[in-house]
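Colleague: Structural data only, the sequence is not supplied:
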């Protein structure tokens, strides 16, 4: 059965620091689907928040979170666990 999650970007440097919804994932295996969409999500975040190319992707990953059910998880930790498998 497919699950649906929201991808959030935490912007702490804005006038009002907040989590912003930057995408959704709907798949049976959310962790693998997240890895597949991570490049496009990163590009979307760069455009939405005018983040320069000089900022490395890993810095953006540190500010991405996955909201599933009522749990907020760091994309960076999910990505590391998925790659190791």
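Modeller: Everything's here; your move. Keep in mind that what you see is a predicted model, and the values were worked out from it rather than measured. Residues are numbered from 1 along each chain as shown.

Colleague: Surely residue 49 touches residue 18?
Modeller: No. Counting by C-beta atoms under 8 Å, residue 18 is not a contact partner of residue 49; they are 11.7 Å apart. The C-beta positions use only the backbone N, C-alpha and C, and glycine is treated the same way.

Colleague: Could you name every residue contacting both of the two?
Modeller: Residues touching both residue 49 and residue 18 by C-beta atoms under 8 Å, 6 or more residues apart in numbering: residue 11.

Colleague: Where do the strands of this protein begin and end?
Modeller: Secondary structure of the chain (DSSP state E): strands at 3-11, 18-27, 64-68, 71-74.

Colleague: re earlier: residue 49 and residue 18 - which one has more neighbours?
Modeller: When residue 49 and residue 18 are compared on other C-beta atoms under 10 Å, the one with more neighbours turns out to be residue 49, at 16 against 11.

Colleague: How about that one, nearest residue that isn't a chain neighbour?
Modeller: Beyond its immediate neighbours in the sequence, the residue positioned closest to residue 49 (C-beta to C-beta, 6 or more residues apart in numbering) is residue 11, lying 6.2 Å away.

Colleague: doesn't residue 21 make contact with that neighbour?
Modeller: No. With contact defined as C-beta under 8 Å, residue 11 and residue 21 do not form a contacting pair (11.9 Å).

Colleague: Specify which residue of the two has the higher count of neighbours.
Modeller: Counted by other C-beta under 10 Å, residue 11 and residue 21 do not tie: residue 11 has more neighbours, with 17 against 10.

Colleague: Per-residue pLDDT of the more buried one, please?
Modeller: As summarised for this prediction, residue 11 has a pLDDT of 89.

Colleague: Just list whatever residues bridge to it.
Modeller: For residue 11, the beta-bridge partners are residue 18 (DSSP bridges).

Colleague: what residues are up against it?
Modeller: When contacts are counted by C-beta under 8 Å, 6+ apart, residue 11 is found next to 17, 18, 20, 49, 63.
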